[in-house]
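Participant: 3D, please:
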Amino acid sequence: MHVKAFDVAIIGGGIIGSSIAFELAAEKLNVVLLDREEPGRGASWAAAGMLSAAPDSPEALPLVPLAKESLQLYPKFIAATHEASGLHTHFASEGALQIFPGAQGETERDKMVAELRRLDIAIEAVSVETARSMENAIGPAASAAAWLPGEATVDPRLLMDALLAALRRREVEIRSGCKVTSLLRHGSRCTGLIAGAEEITAKIVVVAAGCHSSTFAGQNSIEDDWLSRYAPTRPVRGQMLALHSSKLNLRRVLRSERGYLVPRLAGRIVAGSTLENVGFDKRVTAGGIRKILDAAIELVPDLADSEIVETWAGLRPATPDNLPILGPVDVEGLFIATGHYRNGILLAPVTATLARDWILNNTVASSTEIFSPLRFAERKVQTSAS
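Facilitator: Numbering: from 1, shown residues only. As a prediction, the model looks like this:
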């Protein structure tokens, strides 16, 4: 079996794995990035690209400090990516409008404003008239609105193109169609991996394989389910579509509790999304598309005349508590960076920084302990003992 050695081997070529590789290559480390399919064509390619620190559910509240930190890092991250690649990413800091329909709109709006202000997230209650002065296409269903000036967007596909180009310039070895079948351990240390017929040794292995992070097992005296103890990820399908309108000129994200619209270049508008527990099924369905279109047209009725130019689905990497899995485990040389669920694009800069700091300096921020992979291993031990 052919053997090749690296400083760091990263499993998963999406936004998380690529961003970590980008940081490590800047430190002159010898890095290999492996993807089971084509880097950047999984959940990252399917994402909408909204950059918001506002939690989308109560269970996401612990994520807010990390999300705010990552959002603050984004302008520098985008600038570094552009400088290293020469490619643009359509990063825009235009804010977002949250739209509230129905008789309870003002009540729901005021509740959200109070909650986000407690979290120190910039938000302002505005009238529907004020919202329409910002985006005149907002439909008659709106009864209240809120303005979130600190939000931004990025085109994930352009960002992935830029990151991968930057990695090639920084001499990261990128391998497509390279399925990792097992991890290797010598004593108490992870020493590399096996992909196909090749053994790759590495001082550090990073698992950033999204919803596939728990689908390969170890060998050499490691129990078969050892990785699933640290990275119990599962896929959650999100269907999306893109519309094109030559009449509309949206500048900002529009959201309601039913869906969202994200403006892109040249009249393209991304609309989403669904949350479906259907395993690894990436089909686009009539029901899913109808749900998205209904929400989109309620937000902006003029979209009824727009052209559907693309439909697709992605598999978000969810975890049992829907929080990311970030940090080292009790096997030396192994770092987990997965389970970002609906926030992979947003959390890429801070995740890359955390991984870099651990790999270079063996430091882990105390504020990230809640995301440690060990929380799941401990739960399994407690369950077995009980």
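
Participant: Is Glu171 located within a helix, as I assumed?
Facilitator: No. Applying DSSP: H, G, I helix; E, B strand; the rest coil, one finds Glu171 to be coil, outside a helix.

Participant: got a list of what it touches?
Facilitator: Ala25 (Cβ atoms under 8 Å, 6 or more residues apart in numbering). From N, CA and C alone the C-beta is placed, and that goes for glycine too.

Participant: Equivalent analysis for Ile269, please.
Facilitator: Ala242, Leu243, His244, Ser245, Leu248, Leu250, Leu261, Val262, Pro263, Ala296, Leu303, Ser306.

Participant: State the distance from it to Arg169.
Facilitator: From Ile269 across to Arg169, the span is 32 Å (Cβ to Cβ, to the nearest Å).

Participant: Counting neighbours, what do you get for Ala202?
Facilitator: 22 (other Cβ atoms under 10 Å).

Participant: now do Asn362
Facilitator: Asn362, neighbours per other Cβ under 10 Å, totals 8.

Participant: try the one 5 residues further on
Facilitator: When neighbours are defined as other Cβ under 10 Å, Ser367 has 11 of them.

Participant: dump the residue contacts of it.
Facilitator: Pro65, Leu66.

Participant: One more: Glu276?
Facilitator: Val236, Arg237, Gly238, Gln239, Gly288.

Participant: Touching, the third one and Gly42? I think so.
Facilitator: No. Look at Gly238 against Gly42 with Cβ atoms under 8 Å: they stay out of range, at 11.7 Å.

Participant: Between these two, which has more neighbouring residues?
Facilitator: Applying other Cβ under 10 Å to Gly238 and Gly42 shows that Gly42 carries more neighbours, namely 27 against 23.

Participant: quick one: contacts for the more buried one?
Facilitator: With Cβ under 8 Å, 6+ apart, Gly42 has these contacts: Gly14, Gly210, Gly314, Leu315.

Participant: I'd like the distance between the first one and Leu33.
Facilitator: Using Cβ to Cβ, one gets 10 Å for the distance from Gly14 to Leu33.

Participant: do the same with the second one
Facilitator: Using Cβ to Cβ, we find Gly210 at a distance of 14 Å from Leu33.

Participant: show me the contacts for the spatially most central residue of the chain.
Facilitator: Note on the chain: the residue nearest the mean C-alpha position is Gly344, at 1.2 Å, using Cα atoms, centre = their mean. Applying Cβ under 8 Å, 6+ apart to Gly344 gives the contacts Gly14, Ile15, Ile16, Ala43, Ser44, Ala47, Gly210, Arg316, Pro317.

Participant: didn't Pro55 look like it was pressed against Pro65?
Facilitator: No. Applying Cβ under 8 Å as the test, Pro55 and Pro65 come out as separate, 10.9 Å apart.

Participant: what residue ranges in this structure score low on pLDDT?
Facilitator: Residue ranges of the chain with pLDDT under 70: 1-3, 216-227, 378-386.

Participant: Which strand residues bridge Ile269?
Facilitator: Ile269 has these beta-bridge partners by DSSP bridges: Leu243, Pro263.

Participant: Is the residue nearest to Thr363 when sequence neighbours are not counted in a helix, a strand, or coil?
Facilitator: Spatial nearest neighbour of Thr363, chain neighbours left out: Asp357 (5.0 Å); criterion: Cβ to Cβ, 6 or more residues apart in numbering. When classified by three-state DSSP, Asp357 comes out as helix.

Participant: how near is Asp357 to Leu97?
Facilitator: From Asp357 to Leu97 the distance is 36 Å (Cβ to Cβ).

Participant: In terms of neighbours, single out the busier of the two.
Facilitator: Neighbours were counted for Asp357 and for Leu97 using other Cβ under 10 Å; Leu97 has more, 26 against 14.

Participant: Kindly list the main-chain dihedrals of Ile297?
Facilitator: phi -70, psi -30 (degrees, to the nearest 10).

Participant: Test my guess that it contacts Ile308.
Facilitator: No. The criterion here is Cβ under 8 Å, and Ile297 misses it with Ile308 at 11.9 Å.

Participant: of those two, who's got more company?
Facilitator: Ranked by neighbour count (other Cβ under 10 Å), Ile297 and Ile308 place Ile297 first, with 19 against 13.

Participant: separation between the more buried one and Gly238?
Facilitator: 19 Å.

Participant: repeat for Ile10
Facilitator: For Ile10 relative to Gly238 (Cβ to Cβ), the value is 24 Å.

Participant: repeat for Ile292
Facilitator: 10 Å.

Participant: try Tyr230
Facilitator: Distance from Tyr230 to Gly238, by Cβ to Cβ: 25 Å.

Participant: go on, Glu332?
Facilitator: Glu332 is 36 Å from Gly238, by Cβ to Cβ.

Participant: go on, His90?
Facilitator: The separation that His90 has from Gly238, given Cβ to Cβ, amounts to 20 Å.

Participant: Check Lys76 too.
Facilitator: 28 Å.

Participant: And for Met112, nearest residue in space, chain neighbours not counted?
Facilitator: Ala146 (6.1 Å).
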